[in-house]
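J.: Structure here, sequence nowhere to be found:
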């Protein structure tokens with residue numbers, strides 16, 4: 001089934017909508033995970049935020065005007081951003097963080113694009129580039145297949161774009177250890193993503 005057909009079916013039938021939206025769960029959870037940091041990590045679970053976003057999307061699917069999965073992913077990122085901002089407001093103890101609120105959507109978009117950067121570049125045409133963008137959702141699913149520490153180092157280094165010292169601090173390992181772990185993680189990821197191309 002082509003992507004336009006998937007979205008048309010999702011508009012017409014609840015089961016198709018459930019299936020289509022469910023295919024974005026890992027993607028939304030991964031993006032939420034890149035944003036939830038510090039003390040908020042003990043109060044919020046990325047899986048819960050992804051679930052809330054999917055429930056809202058299901059209820060409001062009639063408001064989605066797009067025709068492609070790329071547009072659906074962008075719409076879902078906006079819904080995720082709203083949920084994360086609400087979460088931040090709920091647990092905020094240090095006053096309003098307007099700069100964080102205004103930049104959240106950009107952060108999620110950047111994290112989504114960083115997913116695509118994990119895919120090997122091959123000089124594709126614009127239509128090939130559009131296809132690669134849609135692979136970001138599939139790549140989030142592939143990352144779920146990796147061991148937790150491999151997924152963690154890729155998220156911290158590639159999606160959150162942290163320097164090696166910060167990755168080492170968060171993972172409670174030496175700088176050399178996280179670099180070696182990252183190399184192994186990418187080696188394990190490569191054959192999984194080759195099947196996506």
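T.: Thanks, I have the structure now. Values in this document were obtained by computation on a predicted structure and should not be read as measured data.
J.: Next up, the contacts around residue 50.
T.: Contacts for residue 50 (CB atoms under 8 Å, 6 or more residues apart in numbering) come out as 25, 28-29, 32, 80. Bear in mind the C-beta positions are built from the backbone N, C-alpha and C, glycine included.
J.: Equivalent analysis for residue 62, please.
T.: Residues counted as contacts of residue 62 (CB under 8 Å, 6+ apart) are residue 11.
J.: That one and residue 53: what is the separation?
T.: Applying CB to CB, to the nearest Å, the value for residue 62 to residue 53 is 16 Å.
J.: which residue is nearest the centroid of this protein?
T.: Taking CA atoms, centre = their mean, the centroid of the chain lies closest to residue 31, which sits 3.1 Å from it.
J.: after the particular helix or strand that has residue 50 in it comes which helix or strand?
T.: Secondary structure from DSSP states H and E places residue 50 in helix 46-59. Counting by DSSP H and E, the element after helix 46-59 in chain order, helix or strand, is helix 69-91.
J.: So for that next one, what gets flagged as buried?
T.: Neighbour-count burial for helix 69-91, with 16 or more other CB atoms under 10 Å as criterion, is recorded at 69-70, 72-77, 79-81, 83-85, 87-88.
J.: rewinding a little: so which of the contacts of residue 50 would you say is closest to residue 147?
T.: residue 29 (16.8 Å; CB to CB).
J.: From the recorded domain assignment, give the ranges for this protein.
T.: Annotated domains of the chain cover 3-144, 147-197 [automatic domain parsing].
J.: Could you list the single helix or strand in this protein with the lowest mean pLDDT?
T.: When the helices and strands of the chain are scored by mean pLDDT, DSSP states H and E, helix 98-117 comes last with a mean of 57.
J.: and residue 161, which of the three is it?
T.: What DSSP: H, G, I helix; E, B strand; the rest coil gives for residue 161 is coil.
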